[in-house]
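**Student:** Fold the following, please.
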Amino acid sequence: MGYAKHVGRVGALAVTLGVGVAMATTPGVALAEPSGSSPTDGSTSSSTSSSTGTSSTDKTSSTDKTSSTDKTDADSADSDDADTSASDADEPTTEAEEETPPADTPQAKDDYETQGATKDEPANHKTSKPSPIAHVSSLSDASDNDEAATTPTQVAQKKSSRLAEVAETAATGSPATMQTAMITTAATTFATVSTPAAAALPQPRPTLVSVVTDFVAAVLQPFLSWGTGSPIQLPVLWGMLSAVRDELERALFRRTAPVAAQPSVSQLVDPTDQHVLVIGIDGTNLSRVLADPTNENFFELMNTSTNSAPTIVGHTTVSNPSWTTILTGAWDNKTGVINNVFTPWTYDKWPTVFTQLETFDSDIETKSISDWDIVAADTAAGEVGADHVVYFSQIPGDTNWSLTDAAVTAEAVKSIEGTAEGYEDVPNFLFTYLIQVDEVGHQFGGASPEYKEAIQRTDDNLGAILDAVAAREGATGEDWTIIVVTDHGHQPQKGFGHGFQTPDETATFVIADGPDFGNGFINTDYEIVDVTPTVLELFGAPQGNNLDGVPLQSLGPGIDPGDQEDLHNALKAQLASNHSPDFFTNVALSARTIFAFIPYYVYNAGLPAPISTVLYVATNVPAQIVAILTGVYGASIFPLLPPPPPSSVIPEQDSTTVLVLRQDCSVGSLAAAACIAS
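**Tutor:** Purely as a prediction, here's the structure:
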């Protein structure tokens, strides 16, 4: 990786921090709202993220990802925002539009015609499963069915004040009435406003205990007074610590499942007879998927699934922290993962789903296939990692990672078919990770034609994997559960990509298909942190006592919004409700990203060992301090020295298989075309 590429960006970030400090140390600074809630509009958030962006989310390792395929390009930071108008769901709406929507306006429909299967007639490769969940034929019917859905646990925080008003109206009805009212109102907002509405301004939350603020102020006050300038104002420091408030709320008020949780039919299945597939697609905006009618495999899967488009606002939109959350069931503030440096000790304290399954029953066959060494290392780490870890480094000449993703897809298909070389059994739990959408997003931007094409290629890969599952289900009578998830979104413009708190970056999705889930349903309570608890529940494994996620099955079936077009509109409405955090939380998390990027860059710069070690320690210590001050209580300065490379934990026995597959799919080889077609 050429470190010269990042100098301009780091300089810009430093200037931004300097401006922020200068503003904070100006006499007379005061908060607009005494309650501590200081929200800003979308333009403020967007400009903050754009001006303080960083390439801390680069996945380029010193050995596998060269500068020619670096996920971010510092020289491109001045590029114009390509097709930013395509990111409709992130544009804010006016206060008047939020408060006085036409109550009787019908739900909007997409302009394009639905392609592929509908909910009633699923595609050949994925048949609609008989579900124990009673379908609600329409939104109006849902209000009459008290048991059709459960009350969302975080509606009041996620939705606008207008949605809260609807919830109050529905309070005397059934739980299904409240969720139906929420979806109906959100969809109406999307349909009646020419520019999709963002959520209302964040509601005031409980403040931090004064002890924390006073202590930090006492420690920092002497260091923040220089020359004749005024020291930092206490209200500003209080605001900067608002990020800590969010993290403490996650710790103190754990999400719990509703009392009348839907029982999982898979609990009656022998763990070794269960089959679960999790497909991780890095850095993919669902809004871009929904905007392109050629993404038929995504749409067909949604028709047989329960779907959600949650935001991870308040959580770092960096890949390794997010994939660690997905694979462990705990948010970044607990795990302490703040950047893309692999820290093996993390997964001793916070075991991955692989470790938890293997500890529960060693007869459960587990396998991980990926083309990012950090993810491969995460799945292999811990007391007991996955039984089989297959990692594909970037194929030479594959600048957009399409061939490398095709190799991952081919291995996944073989694993499902039971024809993978060197493996006797079909995995009970299979995790497959695809990287190209995120890589292309860094190279060209999240609104670029290249990003759209990367999603289309990924849709083809998804179709190949789903075809393999359908074929195996037909041949064996097995009933697989499939979960498709992304770790974060992408900024529309070329440059920083992600790592900050704009709605484009914090947007995620969870798609769950199986006997425990509905067909074409939406459940806005689903979050990425729920993936590991869901898998554990499916295998009957015990849940950790300190997890932030809950099994998706326990959150109820959600509702059936209607046909495929109605489902898409409901998901778009959920995306439109995403918003940036309040100003001070935004600044705090941006500072965390910036400081965390520096040791990550040093770690992967390829410098001589003594220099690299000294620089890593010198930059990682302040990064960990900033992380602690911004709410990451799992952060730790020790171990002090740099961790071993990810390759140190990837099992040696799989290297031969990886090398053979990589050679077969190399550019120019006779098998390359077959890899693409797979």
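**Student:** rest of the way, CA atoms for contacts and neighbours
**Tutor:** OK.
**Student:** who's in contact with T346?
**Tutor:** T346 makes contact with 335-337 under the criterion Cα atoms under 8 Å, 6 or more residues apart in numbering.
**Student:** between these, which is nearest D479?
**Tutor:** Comparing the contacts of T346 against D479 with Cα to Cα places T335 closest, at 33.3 Å.
**Student:** where's the spatially closest residue to that closest one that is not a sequence neighbour relative to K334, distance?
**Tutor:** Once flanking residues are discounted, T335 sits nearest to G634: 5.3 Å by Cα to Cα, 6 or more residues apart in numbering. Distance of G634 to K334, given as Cα to Cα, to the nearest Å: 5 Å.
**Student:** Same drill for these two, tell me which one is more crowded.
**Tutor:** K334 (23 against 17; other Cα atoms under 10 Å).
**Student:** So which of the contacts of T346 is surrounded by the most neighbours?
**Tutor:** Going by other Cα under 10 Å, V337 tops the contacts of T346 with 28 neighbours.
**Student:** I'd like the distance between that one and P646.
**Tutor:** For V337, the distance to P646 - Cα to Cα - is 15 Å.
**Student:** can you check T346 too?
**Tutor:** T346 is 13 Å from P646, by Cα to Cα.
**Student:** so where's the stretch 151-300 of the chain shaky on pLDDT?
**Tutor:** For the stretch 151-300 of the chain, applying pLDDT under 70 flags the ranges 151-269.
**Student:** The chain now?
**Tutor:** 1-269, 652-678.
**Student:** Recalculate using a threshold of 90.
**Tutor:** Applying pLDDT under 90 to the chain flags the ranges 1-270, 421-424, 495-496, 544-545, 557, 651-678.
**Student:** List the buried residues in the helix ranked longest in it.
**Tutor:** For the chain, the helix reaching the highest residue count under DSSP state H is reported as helix 449-476. Of the residues in helix 449-476, 450-452, 454-472 count as buried by neighbour count, 16 or more other Cα atoms under 10 Å.
**Student:** before we move on, what about stretch 409-427?
**Tutor:** Buried, per 16+ other Cα under 10 Å, within stretch 409-427: 409-417, 420, 426-427.
**Student:** Mind checking which of those are in helices?
**Tutor:** 409-417.
**Student:** mind putting the residues you listed in JSON lines, distance to S370 included?
**Tutor:** Converted to JSON lines, these look like this (distance: Cα to Cα, whole Å):
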{"residue": "T409", "distance to S370": "9"}
{"residue": "A410", "distance to S370": "11"}
{"residue": "E411", "distance to S370": "10"}
{"residue": "A412", "distance to S370": "10"}
{"residue": "V413", "distance to S370": "13"}
{"residue": "K414", "distance to S370": "14"}
{"residue": "S415", "distance to S370": "13"}
{"residue": "I416", "distance to S370": "15"}
{"residue": "E417", "distance to S370": "18"}
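**Student:** Could you measure from P396 over to A410?
**Tutor:** 18 Å.
**Student:** Equivalent analysis for R472, please.
**Tutor:** 15 Å.
**Student:** D566 now?
**Tutor:** 34 Å.
**Student:** same thing with T304?
**Tutor:** Taken as Cα to Cα, the span from T304 to A410 is 24 Å.
**Student:** Secondary structure and distance to A507 added to the contacts of T346, as JSON lines?
**Tutor:** Shown next, in JSON lines, are the contacts of T346 (DSSP: H, G, I helix; E, B strand; the rest coil; distance: Cα to Cα, whole Å):
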{"residue": "T335", "secondary structure": "helix", "distance to A507": "21"}
{"residue": "G336", "secondary structure": "coil", "distance to A507": "22"}
{"residue": "V337", "secondary structure": "coil", "distance to A507": "20"}
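**Student:** Between those residues, which sits nearest L547?
**Tutor:** Nearest member of these to L547, counting by Cα to Cα, is T335, at 10.5 Å.
**Student:** can you pull the contacts of the closest one?
**Tutor:** 324-325, 346, 350, 634-635.
**Student:** Please confirm that A386 is located within a helix.
**Tutor:** No - per DSSP: H, G, I helix; E, B strand; the rest coil, A386 lies outside any helix segment and is coil.
**Student:** And the contacts of T346, which is closest to N320?
**Tutor:** V337 (7.2 Å).
**Student:** hang on, that closest one packs against A635?
**Tutor:** Yes - V337 lies in contact with A635 (Cα atoms under 8 Å); the separation is 7.2 Å.
**Student:** how far away is the nearest residue to P645 once chain neighbours are set aside from T324?
**Tutor:** In space, P645 comes closest to F342 once its chain neighbours are excluded; the distance is 7.3 Å by Cα to Cα, 6+ apart. Per Cα to Cα, F342 is found 10 Å from T324.
**Student:** joint contacts of these two?
**Tutor:** If you check F342 and T324 against Cα under 8 Å, 6+ apart, the residues they both contact are D378.
**Student:** who has more neighbours, these two?
**Tutor:** T324 (27 against 22).
**Student:** what are the phi and psi values for the nearest residue to G418 once chain neighbours are set aside?
**Tutor:** Excluding its sequence neighbours, the residue lying closest to G418 (Cα to Cα, 6+ apart) is V426, at 5.1 Å. Reported as degrees, to the nearest 10, the phi and psi values for V426 are phi -80, psi 130.
**Student:** Could you list which residues are in contact with V426?
**Tutor:** So V426 contacts 365, 415-418 (Cα under 8 Å, 6+ apart).
**Student:** how much space is there between it and A475?
**Tutor:** Distance from V426 to A475, by Cα to Cα: 13 Å.
**Student:** same deal with V485?
**Tutor:** V485 is 27 Å from A475, by Cα to Cα.
**Student:** do the same with V337
**Tutor:** 42 Å.
**Student:** same deal with V614?
**Tutor:** V614 is 58 Å from A475, by Cα to Cα.
**Student:** pretty sure the residue nearest to T335 contacts G336?
**Tutor:** Yes - when contacts are counted by Cα under 8 Å, G634 is listed as touching G336 (4.1 Å).
**Student:** what about the helices in the stretch 301-450 of the chain?
**Tutor:** Secondary structure of the stretch 301-450 of the chain (DSSP state H, counting those that start in this stretch): helices located at 319-328, 332-335, 346-349, 353-360, 373-380, 402-417, 436-444, 449-476.
**Student:** I'd like those helices written out as CSV, with distance to G514 added.
**Tutor:** Below are those laid out as CSV (distance: least, Cα to Cα, whole Å):
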stretch, distance to G514
helix 319-328, 19
helix 332-335, 28
helix 346-349, 28
helix 353-360, 19
helix 373-380, 24
helix 402-417, 16
helix 436-444, 26
helix 449-476, 12
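**Student:** Could you confirm E505 falls within a helix?
**Tutor:** Yes - according to three-state DSSP, the state of E505 is that of a helix.
**Student:** hmm, back to that, relative to L434, which of the contacts of T335 is nearest.
**Tutor:** Using Cα to Cα, the contacts of T335 come closest to L434 at T324, 15.6 Å.
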